[in-house]
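Engineer: Sequence plus predicted model, see below.
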Amino acid sequence: MESDTIVAVVTPPGEGGVGIVRASGPLAASLPADLFPATRGTWESHHMRHGTVMDAGTDEPVDDALGCVMRAPHSYTGEDVFEIHGHGNPLILDHIVHLCLRAGCRAARPGEFTLRAFLNGRLDLSQAEAVLDVVRARTNAGLQLALRQLSGWLTERVEPVRQDLLGTLAHMEAMVDFVEDDIPPQLDSTSRQRLDTARAAIETLLIGAEGGIVLREGATLAIVGAPNVGKSSIMNALLGLDRSIVTPIAGTTRDTVEEVMQVRGIPFRTIDTAGITETNDVVERIGVERSRKTLEAADVVLLVLDRSRPLSGADALAIEAVAAAAKEDDGPRVVVTLNKCDLPAELNGNGSLSRLRPMAVAESSTVSPDGLEDLRAALEGTALGGTRQEFVVGNVRHVDALRRSAAALHCAAAGLQAGTPLDLVSFDVRAAVAALGEITGAGVDDELLDRIFRDFCIGK
Amino acid sequence: MDTHSSDYDVIVVGSGHAGCEAALAAARMGCRTVVFTLNLDSVALMPCNPSIGGPGKGHLVREIDALGGEMGTNTDATSVQIRQLNTSKGPAVQALRAQCDKRAYSLAMKETIESQECLDVKQAAVDDLIVETEEGSPSVCGVVTSTGARYRARTVILTTGTFLRGRIILGEQSYPGGRAGEFPADNLSASLARAGFTLGRLKTGTPPRVDGRTIDYALTQIQPGSETPLFFSWAAREAFRAGHMASPTAMSPVAQIGGPGRTSSAAWRDQMVCYGVQTNEETHSIIRANLDRAPMYNGGITSAGPRYCPSIETKIVRFADKSSHHLFLEPEGWHTREIYVQGANTSLPEDVQLGMLRSIPALRQCEIMRAGYAIEYDYLPGTQVFPSLESKPIRNLFLAGQVIGTTGYEEAGALGIMAGINAAQRALDRDAVVLRRDQAYIGVLIDDLVTREMDEPYRMHTSQAEFRLLLRQDNAEERLSGIGHDLGLVDDGRFAEVRRREQQIDDILTMLETTFLKPDERTNAALESVGAQRLTDGLRAGELLMRDGGSLSVLEQLGYVSADLVGEVSREIETRVRYAGYVSRQEQEVERLRRLEGRVIPEGINYLDIHGMRSESRERLDRVRPRTVGQAARVAGVAPSDVSILLVHLEREGYPARAG
């Protein structure tokens, strides 16, 4: 039995009536509890059950779906399998896959279910033929072209990072394998720096990846600012211009109605409506600590400042609350808008802004006709983590590989810090390089020695 | 000429490092064996550096030893120096390296093969193979020597090293030779080509030896041997533990391991020192000025040499910005003044060799005793053998050593013992023994050789072993002595001792798993006494070892284990506990691999017929002809989707996977 559990959408892409997500492996049988928390009772093998798929992170319903556990060996792959039959909306199906990944699954590679089925002797000839067609189609040049164009963008960005890591790894390996040659020692601090640089680059790509998800699923937005800086008019202006597509989302347990506004095609869901127009009062009332927690739940925080008057104590308090939330690991990304830019500038104290490290600063005006264009661009860019063309990282397999690579680099850097021996550190670096190679289609072993001989003068 | 009818089970051609291990393994497994050598005075010769070990290579020697081979013992019995490399880089990559007495090494091995029961040793040049058709496929059944004598056998092992159409190149001169001063084997090369083998050509080289009396040692850096006892072999380690002789001395360059009790108590053994020097700009300009006389650069040599063993001229050309290169001066034995100049491997003319050496201050007055040279030779690319090392074109013919594209004594020895084992298994009508990549460096070596198409000699590095955390030099016994024992190469007493030690380790690991430490005063006092941090919460004894300063000695002090129980295995235990997380990740990978390895590809498969697979992949698979789906997946350029298609093809053609 394989040790990891793989997951993927197994129905063809496109908006069919029903879409199926399949997970196979040791975790499969425990997925119902994670995904269908409200569906009580036992999940008997080969029995369809109806329920609501919940996102435990947001505690929100994702889809009304059927689930079915198939116990090994009586399943497609011969392993424990869990299938979710949901609505054939690609966004929903992706969301379900993400929930499975969060529960510990790994994104399946093309043909991997089939591979497992074969290894377990589960496929008969007719099935094999059918699957072969699909696999063959994947290798078919025409069909691959579109995919390649998309992944070409990513490869272009991943490859330099991978090459740099390969260089770091080659140096580590050269130090191990060519003890008696003139390998200049690579200081731990240098290695760590190189690993951290690579990880930062990968994490930037991951923000882009989340951008891909954001584009489809929307982002949560909190608007913060002192009284009278223009929060309400900004929100109304953003809403007003797109009034036709504002939809109240019902079904939350709160009394308030969440507003959804489209900014350049991205759905922004405002959070904590009750507090929004009075956020600064909220900060004063409940304190920085609690408001930080509230703000942390947002994907994006928009801090509104009035450019036409000096920084006030209330502004400072708002800045402090935002800064506290933003410095958390999973904290929101910050956009600052300097409002009322149609009036003479009086704002000072930009120094205190710098510690917010906002993703974007935009001037805005709700009275001039194009006064919100900068702000719209800033919100869009911040929510997506880059420019729009970067969304192809939304491919779950790529995201999964990037995440694993970043995690391995984190381990490696931590290992170096703690004085872990080189053989273990290089193990993690190798894993990081291998994960990136899954995106670019390159193995580690073929290139590693080439790299060692290219970079170092080896020879007795 | 008379036929020596069906005299032998196994014929070994060649008595180098591969040939000796092959012949010993086959004979020790009870097969009637003969080894042919071109020159009885060159048994187990070290024509290059008389050094054994290093990362990857040292691992191979430990594995050969664990399988009951000879290389480790022979090294321990004849070394002049031994050191542990990579001491601070983690136990998985630590490796022994020994400098040997070149003559003593050869003599000791010669005596070993001459003393081996069931093994005949003969000086003769083998010119041809006797090949007959058996069950429709060509099968070797003997050899013909240059005098026309015919010897028949069930299996033949070729370990011909650099002798196939060997050509020695020294500056402007070039002449046929298997090694300096020895004749090549030209006829055999031709007969192998006739038999259907593809031959390739490789190059390797060796540096000059200088006269030790002409070196100014005051201008060198001294490299001493280890101050703590180190051994490659089980035999020497056990002998030392029991207080017997385990290492050679200048007085007896071939140690009688396990002989009389040791006398010296101050140092653990006698050792020679090695020396370091550096090249300088003058050296480099002498080489640059003479590049037109360098065969590597004037077209005299065209074949591929190993990148990890470049000539000094190549280093100067390729790394032009480096102002200096390290060279090591290494003695070739207790009773010779010849000093090997490691790092100066070259085929430049002799006068240039001398000029470049004399540009180094410590070598201003040096005299060359033997000039360096390059050698080109025919080899049979490794994709022409199965993982058992049996050749694909001819049944019952096994190949090992440089002849299938490796370099290095250790690699040769590793292939030799496996070829010996598998030729014997065939002669005894038993299944071949194939080691896995997660089981031994030997498994990695052979799998790479038979799977990857290479254009340079293959040298073992630790970075080639993706499961290297599992393949420590320290756990070779545990990994392989069971196999050696099953084959009759490891005796009962030794195997029982290995198992006893394993049990001891298991017991202690269980204790670590099940013992909980309370953060009480007694525990904390013990921790503080070794400078470790105090406990604030309780924890498992095993977790203590993961912490800074946590060691078995603390647990000893607290009375959880007894000192004499832990003693010899404490390092192993601490390594295992600290590596546990990483090891289990590697084991998951191994598990994945094993599934694919279990899927055997039928021999007759026609890869070119596989519908839907990219033609490039079909051709690669056809050339390599992998035996399992796992091996197919490792062929360079074969993608996961190709593997899926291959699996479907197997299914359709009626080779179903085993259920379950």
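Structural biologist: Good, I have the coordinates.
Engineer: Every contact and neighbour count from this point should use C-alpha atoms.
Structural biologist: Noted.
Engineer: Low-confidence bits of the stretch 301-450 of chain B, can you list those?
Structural biologist: In the predicted model, the stretch 301-450 of chain B carries pLDDT under 70 at residues B:304.
Engineer: which parts of it sit against chain A?
Structural biologist: Proximity of the stretch 301-450 of chain B to chain A (CA under 8 Å from any CA of the partner chain) is limited to residues B:307-311, B:315, B:319, B:325-327, B:342-345.
Engineer: 7 Å - rerun?
Structural biologist: B:307, B:308, B:309, B:310, B:315, B:319, B:326, B:342, B:343, B:344 (CA under 7 Å from any CA of the partner chain).
Engineer: The fifth one in helix, strand or coil?
Structural biologist: Spelled out, that is residue B:315. Secondary structure state of residue B:315, per DSSP: H, G, I helix; E, B strand; the rest coil, is helix.
Engineer: residues in chain B within reach of chain A, list them.
Structural biologist: Listed as neighbours of chain A in chain B under the rule CA under 7 Å from any CA: B:55, B:86, B:88-90, B:92-93, B:307-310, B:315, B:319, B:326, B:342-344, B:461-464, B:588, B:592, B:595, B:612, B:641, B:644-645, B:648, B:651-652, B:657-660.
Engineer: Which ones among the residues you listed lie within helices?
Structural biologist: Among those, DSSP state H puts B:315, B:588, B:592, B:595, B:641, B:644, B:645, B:648, B:651, B:652 in helices.
Engineer: May I ask which of the residues you listed has the most neighbours?
Structural biologist: residue B:648 (28 neighbours; other CA atoms under 10 Å in any protein chain shown).
Engineer: count of residues packed around whatever residue of the stretch 201-350 of chain A ends up closest to chain B?
Structural biologist: Residue of the stretch 201-350 of chain A nearest chain B, by CA to the nearest CA: residue A:202 (22.8 Å). By other CA under 10 Å, 23 other residues sit near residue A:202.
Engineer: and it, how far is that from residue A:357?
Structural biologist: 20 Å (CA to CA, to the nearest Å).
Engineer: before we move on, what about residue A:93?
Structural biologist: In terms of CA to CA, residue A:93 sits 35 Å off from residue A:357.
Engineer: If you count surrounding residues, which of these two has more?
Structural biologist: Neighbours per residue (other CA under 10 Å) separate residue A:93 from residue A:357, with residue A:93 holding more: 26 against 16.
Engineer: And the furthest pair within the residues of the stretch 301-450 of chain B next to chain A?
Structural biologist: B:319 and B:342 (17.9 Å; CA to CA).
Engineer: Looking at these two, which one has more neighbours?
Structural biologist: residue B:342 (21 against 15).
Engineer: How much space separates the more buried one from residue B:450?
Structural biologist: Taking CA to CA, one finds residue B:342 at 30 Å from residue B:450.
Engineer: Now do the same contact list for the closest residue to residue B:71 other than its chain neighbours.
Structural biologist: Leaving aside its sequence neighbours, residue B:71 sits nearest to residue B:61 (CA to CA, 6 or more residues apart in numbering or on different chains; 6.4 Å). Contacts here follow CA atoms under 7 Å, 6 or more residues apart in numbering or on different chains; on that basis residue B:61 touches B:53, B:71, B:72, B:410.
Engineer: wait, doesn't the third one sit right on residue B:232?
Structural biologist: The one in question is residue B:72. Yes. Between residue B:72 and residue B:232 there is a contact at 4.9 Å, judged by CA atoms under 7 Å.
Engineer: Which positions in stretch B:184-204 come out as buried?
Structural biologist: For stretch B:184-204, burial by neighbour count (16 or more other CA atoms under 10 Å in any protein chain shown) applies to B:184-186, B:188-190, B:192, B:197, B:199-204.
Engineer: what ranges do the helices span in the stretch 51-200 of chain B?
Structural biologist: B:57-66, B:71-78, B:102-115, B:186-194 (DSSP state H, counting those that start in this stretch).
Engineer: Out of the ones you listed, which is closest to residue B:489?
Structural biologist: The nearest among those, by CA to CA, is helix B:57-66 at 9.1 Å.
Engineer: Could the C-alpha coordinates of the closest one be exported in PDB?
Structural biologist: C-alpha atoms of helix B:57-66 as PDB (Å, rounded to 0.1, in the frame of the first residue of the first chain):
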ATOM      1  CA  LYS B  57      34.000   4.100  -2.300                       C
ATOM      2  CA  GLY B  58      34.700   3.400   1.400                       C
ATOM      3  CA  HIS B  59      31.000   2.500   1.700                       C
ATOM      4  CA  LEU B  60      31.500  -0.100  -1.100                       C
ATOM      5  CA  VAL B  61      34.500  -1.600   0.700                       C
ATOM      6  CA  ARG B  62      32.400  -2.000   3.900                       C
ATOM      7  CA  GLU B  63      29.700  -3.700   1.800                       C
ATOM      8  CA  ILE B  64      32.100  -6.000   0.100                       C
ATOM      9  CA  ASP B  65      33.300  -6.900   3.600                       C
ATOM     10  CA  ALA B  66      29.800  -7.500   4.900                       C
END
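Engineer: That helix to helix B:71-78, inter-axis angle?
Structural biologist: Angle between the axes of helix B:57-66 and helix B:71-78 is 100 degrees (criterion: axes from the mean of the first three to the mean of the last three CA atoms, to 10 degrees).
Engineer: For residue B:134, grab the count of nearby residues.
Structural biologist: With other CA under 10 Å as criterion, residue B:134 counts 11.
Engineer: ok, it to residue B:419 distance?
Structural biologist: 21 Å.
Engineer: Could you do residue B:528 as well?
Structural biologist: Applying CA to CA to residue B:528 and residue B:419 gives a distance of 55 Å.
Engineer: and what of residue A:310?
Structural biologist: Counting by CA to CA, the gap from residue A:310 to residue B:419 is 86 Å.
Engineer: of the two, who's got more company?
Structural biologist: residue B:419 (35 against 14).
Engineer: Let's see whichever strand or helix holds that one as CSV, backbone CA atoms only.
Structural biologist: According to DSSP states H and E, residue B:419 maps onto helix B:409-427. Listed next in CSV are the C-alpha coordinates belonging to helix B:409-427 (Å, rounded to 0.1, in the frame of the first residue of the first chain):
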residue,chain,number,x,y,z
TYR,B,409,39.5,-0.4,-7.3
GLU,B,410,36.5,-0.3,-5.0
GLU,B,411,34.0,-0.2,-7.8
ALA,B,412,35.8,-3.1,-9.5
GLY,B,413,35.9,-5.1,-6.3
ALA,B,414,32.1,-4.5,-5.7
LEU,B,415,31.3,-5.6,-9.2
GLY,B,416,33.7,-8.5,-8.9
ILE,B,417,32.1,-10.0,-5.8
MET,B,418,28.6,-9.7,-7.3
ALA,B,419,29.8,-11.3,-10.6
GLY,B,420,31.4,-14.1,-8.6
ILE,B,421,28.3,-14.7,-6.6
ASN,B,422,26.0,-14.7,-9.6
ALA,B,423,28.3,-16.9,-11.8
ALA,B,424,28.4,-19.3,-8.8
GLN,B,425,24.6,-19.1,-8.4
ARG,B,426,24.2,-20.0,-12.0
ALA,B,427,26.6,-22.9,-11.8
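Engineer: pLDDT at the closest residue to chain B within the stretch 151-300 of chain A, what is it?
Structural biologist: Closest to chain B within the stretch 151-300 of chain A is residue A:177: 5.5 Å, counting by CA to the nearest CA. At residue A:177, the pLDDT value in this model is 88.
Engineer: Residue A:217 too?
Structural biologist: So residue A:217 comes in at 60 (pLDDT).
Engineer: Next: the one 3 residues further on.
Structural biologist: What the model reports as pLDDT for residue A:220 is 81.
Engineer: same deal with the one 5 residues further on?
Structural biologist: We note a pLDDT of 81 for residue A:225 in this prediction.
Engineer: Now for it, how many residues are close by?
Structural biologist: By other CA under 10 Å, the residues close to residue A:225 number 29.
Engineer: looking only at pLDDT, what's the mean for the helix or strand where residue A:380 lies?
Structural biologist: In this structure, residue A:380 sits in helix A:373-384 according to DSSP H and E. What helix A:373-384 shows for mean pLDDT is 82.
Engineer: After that helix, which helix or strand is next? Please name it.
Structural biologist: helix A:396-417.
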